[in-house]
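**Q** what's the 3D shape of this:
(2 chains)
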Amino acid sequence: MKIATFNVNGVNGRLPRVLDWLDTAQPDVACLQELKSPDARFPAAAFAEAGYGALFHGQPSWNGVAILARGQVPLETGRGLPDPLPGDTQARYLEAVVDGVTVGCLYLPNGNPQPGPKFDYKLAWFERFNAHARRLLAGGLPTVLAGDFNVVPTDLDIYNPASWQDDALLQPESRAAWQRLLAQGWTDAIRALHPDERIYTFWDYWRQRWPRNAGLRIDHLLLSPDLLPALRAAGVDREVRGQPGASDHAPAWVELALPRA
DNA sequence: ATGGCATTTAAAAAATGA
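**A** Below is the predicted model:
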């Protein structure tokens, strides 16, 4: 079972690229972030034509998350984090079960500039997410948390930390929240299989960052402990970032040795 | 310190991203 996460940066403007990637990579489950589309314009028909059922949680202009599953519509188990904040309209979390695996698709707030209200919102969202992740683990079902976490976990996960030292993605508070999440018992699948390798999932559009391979690893897939023995492979579809009209993120994925229903 | 690019909404320019 292959589970992928891809920040598409506009699901409608990027649709041909996303469909090409689905056709090539053939994930069983795909978590998408940054749809930038209201639900009424989510291209569900195009995904259905490509063989994927879809759940989507969008809003106009910004944010938005979706879960696709090959040959079926995912069974929804959550939309937004539990105990939503009053007046908070940001669409950042969607959860579903596919073939017995719970999949949480998240788009964690960026948090720039920091310090400031956006950074406060990021840290507060992170805490609420971590509380939910802890409840998921307590539930004891096989679970994958996949998405754009907007955190560079360590200096191995960025080409040059010095040029990003004031960025919200590298702040000690952001990294501490990530470490608290891992300490619950989750495994960072890509890092578990590639402990020393420089692996990136995001390259800024500016300043020749893609041709220079000046990237960051901020898209992650976390496995609950019961899934760890099934982990067979994990990686990034780097070539997607090099195509014309690409998102600034590349898809990341895990392959799990699980029977497909 | 600034600016560099891309997307959406909506019809020019602002907001946002990481």
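**Q** Any buried residues in stretch A:212-219, and which?
**A** For stretch A:212-219, burial by neighbour count (16 or more other Cβ atoms under 10 Å) applies to A:214-219. C-betas here are computed from N, CA, C, even on glycine.
**Q** distance between the ends of that stretch?
**A** Between the opening and closing residues of stretch A:212-219 lies a distance of 20 Å (Cα to Cα, to the nearest Å).
**Q** Now do it: distance to the chain's middle.
**A** Centroid separation between stretch A:212-219 and its chain, computed with Cα atoms, centre = their mean, to the nearest Å, is 14 Å.
**Q** filter the buried residues of stretch A:212-219 down to the ones near DNA strand B?
**A** A:216, A:218 (Cβ under 7 Å from any atom of the strand).
**Q** From the buried residues of stretch A:212-219, which land in strands?
**A** When those are checked against strands using DSSP state E, the ones located there are residue A:219.
**Q** and the residue nearest to residue A:20 when sequence neighbours are not counted, what pLDDT?
**A** Of all residues not flanking residue A:20 in the chain, residue A:243 sits nearest, at 7.8 Å (Cβ to Cβ, 6 or more residues apart in numbering). Note on residue A:243: pLDDT of 95.
**Q** Please tell me I have it right and residue A:9 contacts residue A:250.
**A** No - in this structure residue A:9 lies outside contact range of residue A:250 using Cβ atoms under 8 Å: 11.3 Å.
**Q** thinking again about what came up before, closest one of the buried residues of stretch A:212-219 to residue A:2?
**A** Residue A:2 lies nearest to residue A:219 out of the buried residues of stretch A:212-219, by Cβ to Cβ, at 15.3 Å.
**Q** For stretch A:59-66, which outside residues touch it?
**A** Counting by Cβ atoms under 8 Å, 6 or more residues apart in numbering, the neighbours of stretch A:59-66 from elsewhere in the structure are A:11, A:31-38, A:42, A:54-58, A:89-94, A:105-107, A:147.
**Q** Surely residue A:127 touches residue A:176?
**A** No - when contacts are counted by Cβ under 8 Å, residue A:127 is not listed as touching residue A:176 (10.9 Å).
**Q** Near DNA strand B, which residues of chain A are found?
**A** Residues of chain A lying near DNA strand B by Cβ under 7 Å from any atom of the strand: A:7, A:9-14, A:34, A:36-38, A:41, A:60-62, A:109-110, A:112-113, A:118, A:148, A:150, A:167, A:169, A:202, A:204-207, A:216, A:218, A:245, A:248.
**Q** Of those residues, select the buried ones using a ChimeraX command.
**A** To isolate the buried subset of these in ChimeraX, counting by 16+ other Cβ under 10 Å, use the following:
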select /A:7,9,10,11,14,34,36,37,109,110,148,150,167,169,202,216,218,248
